[in-house]
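**Student:** sequence and predicted structure below; questions after.
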Amino acid sequence: MYEAIKNLMLAGLGAAVVTHEKIMAVAQEFVEQGRMQAADAERLADEVVAESRRQAGQWKERVEQAARSAVVSLNLAGREELLALSERLAALEAEVAALRAARPRPPAEPEFDDQG
């Protein structure tokens, strides 16, 4: 019965990490119903929490790998590339501003009167 309850709880966990207290509350109900020994309740809680954390870690790794694969397959720029481009753009903007400031201004055209 212990293994069946443990497997049932683990099956419902998915990627969520559950707390020891929540598992103990459920296990205590089984103890009160006579479906589990009190000594097994604590062990059940420890094992389910440990397994849920392990599964959560695996899901995190899977999601991170999927994200990395998506970036590679979509040929997206990485952080380093974006930083390099940003620095290059800033340098080019400064150069353009310096060139504009250094270029001679064309002479002002004389203004003519409509009468003359």
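**Tutor:** Yep, it's here. Numbering: from 1, shown residues only.
**Student:** buried residues in stretch 66-84, which are they?
**Tutor:** Judged by neighbour count (16 or more other Cβ atoms under 10 Å), stretch 66-84 contains no buried residues. Glycine gets a C-beta too; all of them are placed from N, C-alpha and C.
**Student:** which residues are contacting that stretch?
**Tutor:** Leu85 (Cβ atoms under 8 Å, 6 or more residues apart in numbering).
**Student:** what about dumping the CA coordinates of it to CSV?
**Tutor:** Extracted in CSV, the C-alpha atoms of stretch 66-84 (Å, rounded to 0.1, in the frame of the first residue of the first chain):
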residue,chain,number,x,y,z
ALA,A,66,15.0,23.5,-25.2
ALA,A,67,15.5,27.3,-24.9
ARG,A,68,19.2,26.9,-26.0
SER,A,69,18.2,24.7,-28.9
ALA,A,70,15.5,27.3,-30.0
VAL,A,71,18.1,30.1,-29.9
VAL,A,72,20.5,28.0,-32.0
SER,A,73,17.9,26.8,-34.5
LEU,A,74,16.4,30.3,-34.9
ASN,A,75,19.9,31.7,-35.4
LEU,A,76,19.3,34.4,-32.8
ALA,A,77,22.1,36.6,-31.6
GLY,A,78,23.5,35.8,-28.2
ARG,A,79,24.2,38.3,-25.3
GLU,A,80,27.9,38.7,-26.3
GLU,A,81,27.0,39.5,-29.9
LEU,A,82,24.3,42.0,-28.9
LEU,A,83,26.8,43.7,-26.5
ALA,A,84,29.4,43.9,-29.3
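**Student:** ok now it, how far from the chain's centre?
**Tutor:** 14 Å (Cα atoms, centre = their mean, to the nearest Å).
**Student:** where in the protein is pLDDT low?
**Tutor:** 1-18, 113-116 (pLDDT under 70).
**Student:** longest helix anywhere in the chain?
**Tutor:** helix 38-73 (DSSP state H).
**Student:** look up how far Ala84 lies from Glu61.
**Tutor:** 29 Å (Cβ to Cβ, to the nearest Å).
**Student:** ok, Glu47 next?
**Tutor:** Glu47 is 49 Å from Ala84, by Cβ to Cβ.
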